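**Student:** build me a structure from this.
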Amino acid sequence: MTQDGVGAPDAWQRLWTPHRMAYIKQEATKQEGKAGPQAGAGPCPFCRIITMDDAEALVIARGATVYAVLNLYPYNPGHLMVVPYRHVADYPDLSIQETTELATFTQQAMLAARRAAAPHGFNIGINQGSIAGAGIAAHLHQHVVPRWGGDANFMPVVGGTKVLPQLLADTHTLLVEAWKQLS
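**Tutor:** Numbering: from 1, shown residues only. Model (predicted):
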């Protein structure tokens, strides 16, 4: 029973953080979810990437409507994103062709990662809007994060540090080669 005698307790521990309410209640910017870079944010990095050299931009593969690129701030080695070329913020605003190619590239990203590094699983998802955790909310992108048993340890929790055993350039080379072998 709970303190007030109502309901059954669950197995969860609670960490109360009332100081976060100020962040939660903060209004989203007026540009949130609109189809253009946020005011004052400068050029969109996903739009800038498409004009760069693939190796410099860490682009793994390019399609007709989307491309795959390594995340500069990866959760794990091989963490990449599938990004539409078109600057669009909301998933329902993708065309049928963009939606189809986004799904196909996600499948190919998984296959390339399996070939290159044999992950045990994946986290795949879209953080739709800054409230949902999107760092670049104005340009939709889908994360593909390879996972291995034991890849999470005390370092992120205690040390606030992600341990990545491979340089991005090395990961890029492995994934580009693995992607090419899929054809």
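
**Student:** the residue nearest to the spatial centre of the chain pairs with what?
**Tutor:** When the chain is reduced to its mean C-alpha position, the nearest residue by C-alpha atoms, centre = their mean turns out to be residue 143, at 3.1 Å. In this structure, residue 143 has the following beta-bridge partners (DSSP bridges): residue 81, residue 125.

**Student:** residues contacting it?
**Tutor:** When contacts are counted by C-beta atoms under 8 Å, 6 or more residues apart in numbering, residue 143 is found next to 71, 79, 80, 81, 123, 124, 125, 126, 127. C-beta coordinates here come from the backbone N, C-alpha and C atoms, glycine included.

**Student:** how much space separates it from residue 90?
**Tutor:** Relative to residue 90, residue 143 is positioned 17 Å away (C-beta to C-beta, to the nearest Å).

**Student:** ok, now residue 68?
**Tutor:** For residue 68, the distance to residue 90 - C-beta to C-beta - is 21 Å.

**Student:** tell me where the protein has helices.
**Tutor:** Taking DSSP state H as the criterion, the chain carries its helices at 21-25, 45-49, 54-57, 96-117, 154, 168-182.

**Student:** let me see the mean pLDDT of the longest one.
**Tutor:** By that I understand helix 96-117. The predicted model gives helix 96-117 an average pLDDT of 97.
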